[in-house]
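Undergrad: mind looking at a prediction? Sequence and model below.
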Amino acid sequence: MTKYEPETIRVREARIACDGSGEIPAALGHPKVWLQIDEKGYVDCGYCDRRFVLIGGPADNGKG
């Protein structure tokens with residue numbers, strides 16, 4: 001069985017918005033939510049499981 005890896009998006013700001021869009025139209029995503037990256041250096045969206053990693057933060061491995 002393959003381990004699930006969430007979609008990872010590297011961001012420059014600690015406060016970000018997610019609406020589940022990207023490659024799909026926003027209307028097919030989820031309600032817009034505001035997320036705050038904490039001392040771990042990342043935050044996961046509770047709707048779509050995307051992981052937002054702060055560039056230069058403790059969770060940033062330079063990929064993505």
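TA: That came through, no problem. Note that this is a predicted model, so its numbers are computed, not measured. Residues are numbered from 1 along each chain as shown.
Undergrad: which other residues reach stretch 4-15?
TA: 34-37, 44, 48-55, 60, 63-64 (CB atoms under 8 Å, 6 or more residues apart in numbering). C-beta: built from backbone N, CA, C; applies to glycine.
Undergrad: would you mind checking these for buried ones?
TA: 35, 37, 48, 50-54, 60 (16 or more other CB atoms under 10 Å).
Undergrad: strands of the chain, start to end?
TA: 8-11, 15-18, 33-36, 42-44, 51-54 (DSSP state E).
Undergrad: compare the ones you listed and give me the one nearest residue 26.
TA: Minimum separation from residue 26 across the strands of the chain (CB to CB) falls at strand 15-18, 10.7 Å.
Undergrad: off-centre distance for the closest one?
TA: Centroid separation for strand 15-18 versus its chain: 8 Å, with CA atoms, centre = their mean, to the nearest Å.
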